[in-house]
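Visitor: need the 3D shape of this:
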Amino acid sequence: MSTYGSFPGSRPRRLRTTPAMRRMVAETRLHPSDLILPAFVREGISEPLAVSAMPGVVQHTRDTLRKAAVEAVAAGVSGIMLFGVPADENKDARGTAGTEPDGILQLAIRDVKAEVGDELVIMSDLCLDEYTDHGHCGVLDEHGRVDNDATLERYAEMAQVQADAGVHVVGPSGMMDGQVGVVRDALDETGHEDVSILAYTAKYTSAFYGPFREAVASSLQGDRKTYQQDPANARESLRELALDLEEGADMVMVKPAGPYLDILYRVAQAVDVPVAAYQISGEFAMIEAAAEKGWIERERAILETLLGIKRAGADTILTYWATEVAGWLNAER
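Guide: As a prediction, the model looks like this:
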């Protein structure tokens, strides 16, 4: 026969007994304002085009992008990250469409700004890969390698036209050495001191980008291993972080999110600026595919991954589920 002294005095399960109790003691909370919606807008289409590897995600027309922005605002989402998809015939070796004042991304920025004003933080991808006929994130030299410094000149031009279009935040994502400093100088020298920079600080070369390539109609030839980070390396991300902060980054980001939660944690512990994480296309596609098969519970799996990203240190999360998840969170309140 057991005595009272043999029972545990400390019972953590007491704090898990009811939904109300679990809500009260929750250490990590998701809020609609934590979320940023990545969105694609394609030149020259009259109807949105579905991205086959990303159920529910489309290449928007300019009109449907406006609608998506309005829905995001209504749901309480904080931001929208815009990616332009030019017509194939407008791609060239230097990504000229990326710096045309009337290029598709610049038009999209103006459209969203006209529709929602400052109710949504309008962010823009600052990279050449969508606009080059070779699909790389920069200008190639005579040997077919990405020329870092020639690419920086193009990034400076992109920063100016995106800022002229009314963007609130630019996101230089090409992982060129010195990109944040060059973009900051370009913005300041053209009277855009208030435009913020979200630095893609730790952007790893990843197998999980596959569906994104479809979403932006990528023309990539080869890979990006010479400029995106090696998945084997962690300390390197802290070196990139120090450089981005020194060059004037206002916010920093880890991409992808799920496979690099250790990096996200280390970055978040090291800085006093906002930290973002990008739950990328492959992460999205895996959950959607498994849920479609009936192998996992879709809503629970989505929320669990987002909580894990937030718990690891992200202040904001870029996710293709942003508006949908915000709706769930609002319904719970």
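Visitor: Pro48: what's it in contact with?
Guide: By CB atoms under 8 Å, 6 or more residues apart in numbering, Pro48 lies in contact with Val58, Gln59, His60, Thr61, Thr64. Using the backbone N, CA and C atoms, a C-beta is placed for each residue, glycine as well.
Visitor: likewise Val254?
Guide: By CB under 8 Å, 6+ apart, the residues touching Val254 are Thr201, Ala202, Ser237, Tyr260, Ile263, Leu264, Val267, Val275, Ala276, Ala277, Tyr278, Ala314.
Visitor: in the helix or strand hosting it, what's buried?
Guide: In this structure, Val254 sits in strand 251-255 according to DSSP states H and E. Of the residues in strand 251-255, those buried by neighbour count under the rule 16 or more other CB atoms under 10 Å are Met251, Val252, Met253, Val254, Lys255.
Visitor: CA-only coordinates of the longest helix belonging to the chain in CSV, if you can.
Guide: Using DSSP state H, we find that the single longest helix of the chain is helix 148-165. Taking C-alpha atoms only, helix 148-165 is exported to CSV below (Å, rounded to 0.1, in the frame of the first residue of the first chain):
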residue,chain,number,x,y,z
ASN,A,148,29.2,40.4,-57.0
ASP,A,149,30.1,44.1,-57.5
ALA,A,150,28.4,44.5,-60.8
THR,A,151,25.3,43.1,-59.2
LEU,A,152,25.5,45.6,-56.4
GLU,A,153,25.2,48.4,-58.9
ARG,A,154,22.0,46.8,-60.2
TYR,A,155,20.6,46.4,-56.7
ALA,A,156,21.2,50.1,-56.1
GLU,A,157,19.1,50.9,-59.1
MET,A,158,16.4,48.5,-58.0
ALA,A,159,16.2,50.1,-54.5
GLN,A,160,15.6,53.5,-56.1
VAL,A,161,12.8,52.5,-58.4
GLN,A,162,11.1,50.4,-55.7
ALA,A,163,11.3,53.3,-53.3
ASP,A,164,10.0,55.7,-55.9
ALA,A,165,7.0,53.4,-56.3
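Visitor: and that helix, average pLDDT?
Guide: Mean per-residue pLDDT for helix 148-165: 96.
Visitor: residues in contact with that helix: which ones?
Guide: Applying CB under 8 Å, 6+ apart, the contact partners of helix 148-165 are 94-95, 98-101, 103, 105-107, 109-110, 113, 124, 126-128, 137-139, 141, 170, 172, 174, 176-179, 182-183, 185-187, 190, 192, 195, 227.
Visitor: show me the contacts for Ile287.
Guide: Ile296, Arg298, Ala301, Ile302, Thr305.
Visitor: quick check: the residue lying closest to the last one once chain neighbours are set aside vs Thr190, distance?
Guide: To tie it back to what came earlier, the one meant is Thr305. Excluding its sequence neighbours, the residue lying closest to Thr305 (CB to CB, 6 or more residues apart in numbering) is Gly258, at 6.1 Å. Gly258 is 37 Å from Thr190, where distance means CB to CB, to the nearest Å.
Visitor: who has more neighbours out of the two?
Guide: The neighbour comparison of Gly258 against Thr190 (other CB atoms under 10 Å) goes to Gly258, with 20 against 15.
Visitor: so who does the more buried one touch?
Guide: So Gly258 contacts Gln279, Glu283, Thr305, Gly308, Ile309 (CB under 8 Å, 6+ apart).
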